[in-house]
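Trainee: compute the structure for the input listed below.
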Amino acid sequence: QVRLVESGGGFVQPGSSLTLSCSISGHTSGYYAIGWFRQAPGKGREGVSSIALPDGQAWYDSSVKGRFGISMDNAKNTVTLQMNGLRPEDTAVYYCAAAHGGFPYENEESYAYWGQGTQVSVSS
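Mentor: Below you'll find the model as predicted:
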């Protein structure tokens, strides 16, 4: 069993930055992936970024490439999503998820474990 807890969401103005953290506990040995997904009001959940562990191969959706960065802090067992240049269209509930296997999966069907989500709101 894997437990995930997100933190770091908030309300910011366009152009601002936020750092989301996904704290990981439970059985995560071997090869696995952590993904960040988001769901805006009235829309389906979409993939934002993911990272394969332990090798660090990453994937980014085209809408966030160049603005967001994903990384793993092994000492804290935490995956961080650094979000820069935030836009109103980035407003959503952000979820982290864990999948077995060593590939940065893009689709939510690959992920078996999910956090509760954290709200990110971008508005002037």
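Trainee: just checking: what are the partner strands of the host helix or strand of S21?
Mentor: Under the criterion of DSSP states H and E, S21 resides in strand 18-26. Partners of strand 18-26 in the sheet, by DSSP bridges, are strand 2-7 (antiparallel), strand 78-83 (antiparallel).
Trainee: flag every buried residue along the first one.
Mentor: Residues of strand 2-7 classed as buried under the neighbour-count rule (16 or more other Cβ atoms under 10 Å) are V2, L4, E6. (Glycine included, C-beta is placed from N, CA and C.)
Trainee: circling back to that earlier point, could I get the strands paired with strand 18-26 as JSON lines with mean pLDDT and distance to S62?
Mentor: Formatted as JSON lines, the strands paired with strand 18-26 follow (pLDDT from 0 to 100; distance: least, Cβ to Cβ, whole Å):
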{"stretch": "strand 2-7", "mean pLDDT": "96", "distance to S62": "23"}
{"stretch": "strand 78-83", "mean pLDDT": "97", "distance to S62": "15"}
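Trainee: nearest to P14, out of these?
Mentor: strand 78-83 (12.1 Å; Cβ to Cβ).
Trainee: which strands and helices sit next to the following helix or strand past the closest one?
Mentor: Sequence order places strand 92-100 as the next helix or strand after strand 78-83, per DSSP H and E. Counting contacts by 3 or more Cβ pairs under 8 Å, 6 or more residues apart in numbering; DSSP states H and E, strand 92-100 packs against strand 2-7, strand 18-26, strand 32-39, strand 78-83, strand 113-114, strand 118-122.
Trainee: of the buried residues of strand 2-7, closest to S110?
Mentor: So of the buried residues of strand 2-7, ranked by how close each gets to S110 (Cβ to Cβ), first place is V2, at 13.7 Å.
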